[in-house]
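1. heads up, no residue letters with this:
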């Protein structure tokens with residue numbers, strides 16, 4: 001019988017730590033433009049524990065991608081958007097756009113680049129800073 005109060009106390013302490021579903025209806029939209037050898041903005045500034053809708057737009061005629069493996073690994077991604085990300089990468093053909101809803105719990109700095117041949121060398125790099 002002495003175990004029950006201890007288990008009940010533990011359950012009350014642990015309950016807030018259980019992940020709650022994210023309310024994506026209030027996600028702030030942040031547009032990321034991919035163009036010839038550039039990301040705009042080059043550094044994304046995001047707040048932790050806040051939902052965002054990243055709106056990716058490829059303004060170029062050729063393909064580009066947005067590679068941020070560590071960032072996407074750390075993020076909670078809306079279930080319906082997960083298929084858009086493959087191995088931490090969002091691939092966009094020329095003129096294509098895509099939305100991905102994300103939320104990151106922990107602050108950090110994450111590297112971003114385009115993995116197409118020579119695109120990073122020509123300056124297609126950036127960062128995501130989560131405060």
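-> Sure thing, it's come through. Nothing here was measured: the structure is a model prediction, and the numbers come from that model. Numbers count the residues shown, from 1 in each chain.
2. going forward, measure contacts and count neighbours with C-alpha atoms only.
-> Noted.
3. nearest residue to residue 28 other than its sequence neighbours?
-> Distance criterion CA to CA, 6 or more residues apart in numbering; nearest residue to residue 28, sequence neighbours excluded, is residue 52 at 4.7 Å.
4. need the pLDDT of that neighbour.
-> Residue 52 carries a pLDDT value of 98.
5. now residue 15
-> Residue 15 is given a pLDDT of 44.
6. surely the residue nearest to residue 28 meets residue 78?
-> No: counting by CA atoms under 8 Å, residue 52 stays clear of residue 78, with 10.1 Å between them.
7. neighbour-wise, which of those two wins?
-> residue 52 (22 against 18; other CA atoms under 10 Å).
8. quick revisit: contacts only, for the residue nearest to residue 28.
-> Counting by CA atoms under 8 Å, 6 or more residues apart in numbering, residue 52 touches 24, 27-30, 101-103.
9. so which of those is the most crowded?
-> Busiest of those [other CA under 10 Å] is residue 102, holding 25 neighbours.
10. any idea how many residues pack against the closest residue to that residue other than its chain neighbours?
-> Nearest residue to residue 102, sequence neighbours excluded (CA to CA, 6+ apart): residue 77, at 4.5 Å. By the criterion of other CA under 10 Å, residue 77 has 22 neighbours.
11. what comes into contact with the helix or strand hosting residue 72?
-> Using DSSP states H and E, residue 72 falls within helix 69-74. Helix 69-74 has contacts (CA under 8 Å, 6+ apart) with 87-89, 104-106, 110-111, 128.
12. contacts for the very next helix or strand once past it next, please.
-> Remark: after helix 69-74, the chain's next helix or strand is strand 75-77, criterion DSSP H and E. The contact list for strand 75-77, computed with CA under 8 Å, 6+ apart, reads 100-105.
13. where does the prediction get shaky in the chain?
-> Within the chain, the stretches with pLDDT under 70 are 1-19.
14. so which residues of it form helices?
-> Applying DSSP state H to the chain gives helices spanning 3-14, 69-74.
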